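K.L.:
Mind folding the following:
(2 chains)
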Amino acid sequence: MTDTERPSLLELREKLSHFQRGLKAVNSNSDSSGFTAMHVEQEFLECQKIPGGVPRGVICEITGTARTEWMISLLCENPKLITFWIEDRLSILPTAMHQRGVDLSRILIAEAGDKLFQALRKALRSQLFDCVVLPGIVEDMKMLKALQLFARESNAAVFFLSQVAKNAWAIPFQISVNWEQAKWVNPGDEGRSLPLLDAPQGGKDYSVQILKSKFSRSQEGNETEGMIK
Amino acid sequence: MTSKRITQMKVACILLSPQKALPIDFQIIPFAEACLRFSPQIAIREPNTVFIEIGKCSLLYSERSFLARVQVLLRRFGVDAKIAIAGDLPSSLALARYGVQGGLDALPLDALEYLSDPFGTDPLGRKSVVKMIEALKRLGIETLRQFKTISPSQIPSRFGGLGLYCRQQMEGTVCFPWPYWRPPEKFLERIDLLPSEFCSELEPLLFKAKQMLDRLFSRLRGRMLRAERIRFSLELEKYSTIKNPLREWTFELICPQSSTGGFIPILRERLNWDLGRTPIESYIIAMSCHILSTTPAQSLQRSLLNTRENFEYEEAIGSLFNQLEEYLGKDCVFWARVTEERFPEKSWVKAKQKNEPQADLNGRYPKRPTRVFKTPIPITVIQDRIIFRRRSFKSVHWSRVERLSLDWIDDVPARNYYRVDLEGGRSLWIFSEAPGHYYFAHGYFE
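P.N.:
You can find the predicted model right below:
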């Protein structure tokens, strides 16, 4: 073999990551009989509330009153993710994320103002992040399409935290997360009581509803329509 | 046993004129480099003092010819200086400071300050020396000659170890360690450009810069170093209409870079922004890149299998951080570091390093809202209704009060915080500064 035929280190590394990705998909799709589905390459993030998991490499839109709380819990469930959290006007409280068990050293935060899309494009093109979280203010179809392509190239899960779900083909996965009724302790005391410190979200829980999904990871995937608690 | 000099040194102290009188572009290091012709043993006291050990070169030149050569050198650099030669470094500094030739005896007592700490590296020790000088002056001792008349056996009991050390310095019985200095290494690359190369636009400029940076970073890698601070310069043709024919940009890199690939995007961001505001007015005749400071890269080992835990990934993240900071502005990109403070505004700070230690908040106080407003928003509370941004919400539950206060010196009133559950599942985080006072919404649980 001559020097020109030898693959470079970069190519080898790319092939290796491709192979690892395929292997992971194979492991997650093998059943008890040892049958594996080699054609599946879509990766998923683990999520307790969504049996099939959350797809990577696509835009996922999260709506509802507890969307940030769900996002934080997803980061807790996948502690190895390296995340880019970008907002036009910063309102996230990092202390709250830390209290809920998120490793802040794995989250790069940016306040972008009106340069959100350009900054986001730089971050996605760098292919350094597994997960990107942004407010759902990108509505232009061209931008969504570009984001979808960047997300697929970098295999990063791009999460839109939106108030209202968009009707856009570039967003293949949409869920709605809403608070349920609170569970309190110490009733009385003139109607005022202390929420449980160790309960999730200070005494409240939320429900997850899948609005749109073009993915089915496992057999339970067929049941993704409807309410999941 | 009588005191005896330990070393047979001869130290010349060149005390350049005060900082204010020096030319604006004067730097001590080039001058010290020029002094290396006299002796390889040189020390610097920033900002304006150079020490040269000339005792070992006595066969090469005399003191007189040394002084004459130094005068020529000073003229070349356009500066004035006081020069003193003594047997050790602190004495030469004290003599040069007071412009006295000969012995230390004639110096005022304040010279002890220079004898005890000639490099000015110990501010605490300096305070003690000043106190000792004041005490000696109260006793009527004004000069070093008078100080010498005090019996050495009485000094430790009255002025402690510091007094004895000063006395020993005067007598030359202690050896002052000579700090090692060598001129900093320069990593500088330069390219001359012809007008026919059309480098007035950003892209051709970066194309040319890449060749230069490749060479520069190869040199760094060969020395196992990474660039921490870089200065990039463009020299323009000196037309009469151009005020500043030299354009310079200095880059402070968050994560030191060892490759062109990491630095070029940062350079692109800065030039794009800056040349957009102030375009190049004439053609570029040369470009240069100077590495101002470096860090060692001894532990850089490539990992073939784990691409996320090797130095290349860290450098790539650092490069992206710099790019985003150039693009969005300072403090707009950061890692968060949680502190011990309970006040929400002070409970976290922005950090430029990602692995800073986090405070442990586990179970210390109730969970904070995920979202906060930049400035609290006034709300109106009427019985079980809350009017917020002109909309009325029904509250279904108020949590127990959590009282937060800062230190008294901050002069910020304490706040009573409540978590209020609204009908429909949403929750607000509100506070009042006193019971029954005005209420403000500070955040919400989303």
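
K.L.:
C-alpha from now on. contacts and neighbour counts both.
P.N.:
Noted.

K.L.:
For chain B, give me the ranges with low pLDDT.
P.N.:
Applying pLDDT under 70 to chain B flags the ranges B:1-7, B:19-26, B:298-309, B:407-410, B:435-436.

K.L.:
what about 50?
P.N.:
For chain B, the stretches flagged by pLDDT under 50 are B:1-7.

K.L.:
Run through chain A and note the low-pLDDT ranges.
P.N.:
Using pLDDT under 50, chain A drops low at A:1, A:30-40, A:185-201, A:219-229.

K.L.:
Mind jotting down where the helices sit in it?
P.N.:
A:9-29, A:67-77, A:94-99, A:116-126, A:141-154 (DSSP state H).

K.L.:
okay, those, which one's buried deepest?
P.N.:
Ranked by mean neighbour count, these are led by helix A:94-99 with a mean of 24 (mean count of other Cα atoms under 10 Å in any protein chain shown).

K.L.:
Mind listing residues that contact that helix?
P.N.:
The contact list for helix A:94-99, computed with Cα atoms under 8 Å, 6 or more residues apart in numbering or on different chains, reads A:72, A:104, B:336, B:338, B:344, B:347-348, B:361-362, B:367-370.

K.L.:
what would these look like in a markdown table with secondary structure and distance to B:Arg76?
P.N.:
Compiled in a markdown table, these are given as follows (DSSP: H, G, I helix; E, B strand; the rest coil; distance: Cα to Cα, whole Å):
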| residue | secondary structure | distance to B:Arg76 |
| --- | --- | --- |
| A:Ile72 | helix | 66 |
| A:Leu104 | helix | 56 |
| B:Ala336 | strand | 52 |
| B:Val338 | strand | 55 |
| B:Pro344 | helix | 60 |
| B:Ser347 | coil | 56 |
| B:Trp348 | strand | 54 |
| B:Leu361 | coil | 63 |
| B:Asn362 | coil | 66 |
| B:Lys367 | coil | 68 |
| B:Arg368 | coil | 66 |
| B:Pro369 | coil | 67 |
| B:Thr370 | coil | 65 |
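
K.L.:
Any of those residues buried? List them.
P.N.:
A:72, A:104, B:336, B:338, B:344, B:347-348, B:361, B:367-370 (16 or more other Cα atoms under 10 Å in any protein chain shown).

K.L.:
Between the residues you listed, which sits nearest A:Trp169?
P.N.:
A:Ile72 (25.9 Å; Cα to Cα).

K.L.:
Next up, the contacts around the closest one.
P.N.:
A:97, A:100, A:102.

K.L.:
Could you do B:Ile386 as well?
P.N.:
B:379-380, B:392-395.

K.L.:
mind checking how far it is from chain A?
P.N.:
Counting by Cα to the nearest Cα, to the nearest Å, the gap from B:Ile386 to chain A is 16 Å.

K.L.:
cool, B:Asp411 as well?
P.N.:
24 Å.

K.L.:
again with B:Glu197
P.N.:
From B:Glu197 to chain A the distance is 30 Å (Cα to the nearest Cα).

K.L.:
how many neighbours does that residue have?
P.N.:
13 (other Cα atoms under 10 Å in any protein chain shown).

K.L.:
ditto for the one 10 residues further on
P.N.:
Neighbourhood size, B:Phe207 [other Cα under 10 Å]: 12.

K.L.:
what's the answer for B:Glu314, then?
P.N.:
B:Glu314 has 17 nearby residues by other Cα under 10 Å.

K.L.:
residues in contact with it?
P.N.:
Contacts of B:Glu314 by Cα under 8 Å, 6+ apart are B:Cys255.

K.L.:
pretty sure it is in a strand, no?
P.N.:
No. Going by DSSP: H, G, I helix; E, B strand; the rest coil, the assignment for B:Glu314 is helix, not a strand.

K.L.:
now the strands for chain A?
P.N.:
Assigned by DSSP state E, the strands in chain A fall at A:44-45, A:54-55, A:59-63, A:83-87, A:107-111, A:131-135, A:157-161, A:173-179, A:192-193, A:206-213, A:226-228.

K.L.:
quick one: stretch A:104-121 near chain B?
P.N.:
Yes. Using Cα under 8 Å from any Cα of the partner chain, stretch A:104-121 reaches chain B at A:104-112, A:115, A:119.

K.L.:
hey, which of the strands of chain A is tucked in deepest?
P.N.:
strand A:59-63 (a mean of 26).

K.L.:
any idea of the angle that one forms with helix A:141-154?
P.N.:
Angle, strand A:59-63 to helix A:141-154, by axes from the mean of the first three to the mean of the last three Cα atoms, to 10 degrees: 120 degrees.

K.L.:
and strand A:59-63, which strands flank it?
P.N.:
Using DSSP bridges, strand A:59-63 pairs in its sheet with strand A:157-161 (parallel), strand A:173-179 (parallel).
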